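Undergrad: Following is a predicted model, sequence given first.
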Amino acid sequence: MPLFGKKTPIGIDRPSMEYLGHRGPLRVAAGNLADAGMPGLIFTPVSGRRLPAVALLHGWLQPASRYANTMRYLASWGFVVVAPDTEKGPIPSHGAMARDLTAALHLVANGRLGNGRVQVDPDRLGVIGHSIGAGAAVLAAAADSSIGAVVTVTAAATRPSAVEAATRVQVPGLHLVGADDDMADGDGAAIAAAWAGPASLRTVKGASHLGLAEGSHWTSTLSGSGNEKRIQQVVRLLSTAFLLRHLTDADQLADELEGKIKGTVLEDLDEVRAE
């Protein structure tokens, strides 16, 4: 039986955007991906079958721990969430980041979690990326047909090109760009405009490039941005709703995801492509 059924009324088992504005009802367990042979973090509901899984990829110079609260939020709504903690140096390999993201996702999709109490549905896999991690998430989705949905947050340019890779991604994509992002101006919009599958582009008001990264870090001084809690709330709401919509049976979220959402502006992709 689906985790979020189609025929139940709006509520805990069939959430609306209003419900998703708060942490979910499920108890969450945290673990270390190193136990499976790769540095990183994992957050899961304490139990569940046929759960969707999401791999989250960090931004430039950021440790996976700066996304722990976002991961916990997603897990509280029924996702198994994993974040590889690799390629954190000043000159990372974007291709290696994409491969690590895919490897981490399949580790949890095929692994034994929570002593068998947690089971992932390999047909319900998604990825989220931040900054260069967003570009690398696009590279991963272009290379792996098992990935069913993609979220990018303040995407930055990668080599190979994430914009070129976007032309080969047929699955739904949600692309969030920051209104105050001075480090990757236009990269996320270019990815959205090139997207082959269904795509949505939203500008998050007041968001800087590293706003999704939590807590303090020396890179905040370098970039002049970081740890914007209001921005984190918007990203968590939209990402959770989008991934539930496309990886589970939460079709009731479709209209709300195309409507007005506080703190964001839904962009017209036809106008972006014409620019």
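TA: Now that the structure is in, tell me what you want to look at. Numbers count the residues shown, from 1 in each chain.
Undergrad: List the contacts of the nearest residue to Leu253 once chain neighbours are set aside.
TA: Excluding its sequence neighbours, the residue lying closest to Leu253 (C-beta to C-beta, 6 or more residues apart in numbering) is Arg245, at 4.4 Å. Glycine gets a C-beta too; all of them are placed from N, C-alpha and C. By C-beta atoms under 8 Å, 6 or more residues apart in numbering, the contact set of Arg245 is 251, 253-254, 257.
Undergrad: any idea where the strands of the stretch 51-200 of the chain begin and end?
TA: Counting by DSSP state E, counting those that start in this stretch, the stretch 51-200 of the chain has strands at residues 80-84, 118-130, 147-153, 173-178, 199-204.
Undergrad: where does Ile42 land on pLDDT?
TA: pLDDT, Ile42: 97.
Undergrad: so what's the backbone phi/psi at it?
TA: Dihedral angles of Ile42 (phi, psi; degrees, to the nearest 10) stand at phi -140, psi 140.
Undergrad: and it, how far is that from Glu256?
TA: Distance check for Ile42 against Glu256: by C-beta to C-beta, to the nearest Å, it reads 29 Å.
Undergrad: So if I had to pick from these two, which one is more boxed in?
TA: Comparing Ile42 with Glu256 by other C-beta atoms under 10 Å, the one with more neighbours is Ile42, at 27 against 15.
Undergrad: For that one, list each beta-bridge partner.
TA: With DSSP bridges as the criterion, Ile42 is bridged to Gly31, Val82.
Undergrad: so it sits right up against Val108, yeah?
TA: Yes. Applying C-beta atoms under 8 Å, one finds Ile42 in contact with Val108, separated by 6.5 Å.
Undergrad: Overlap in contacts, these two.
TA: Shared contacts of Ile42 and Val108, counting by C-beta under 8 Å, 6+ apart, come down to 80, 82.
Undergrad: before we move on, back to that, check which helix or strand covers the residue nearest to Leu253.
TA: Assigning secondary structure by DSSP states H and E places Arg245 in helix 229-247.
Undergrad: List the buried residues for that helix?
TA: For helix 229-247, a neighbour-count test (16 or more other C-beta atoms under 10 Å) marks 231-247 as buried.
Undergrad: ok so, going back, among the contacts of Arg245, which ones are in strands?
TA: Among these, no residue falls in strands (DSSP state E).
Undergrad: Would you mind listing which of these are buried?
TA: Here, 16+ other C-beta under 10 Å leaves 253, 257 buried among the contacts of Arg245.
Undergrad: Show me the contacts of Arg245 that map onto helices.
TA: Counting by DSSP state H, the part of the contacts of Arg245 found in helices is 254, 257.
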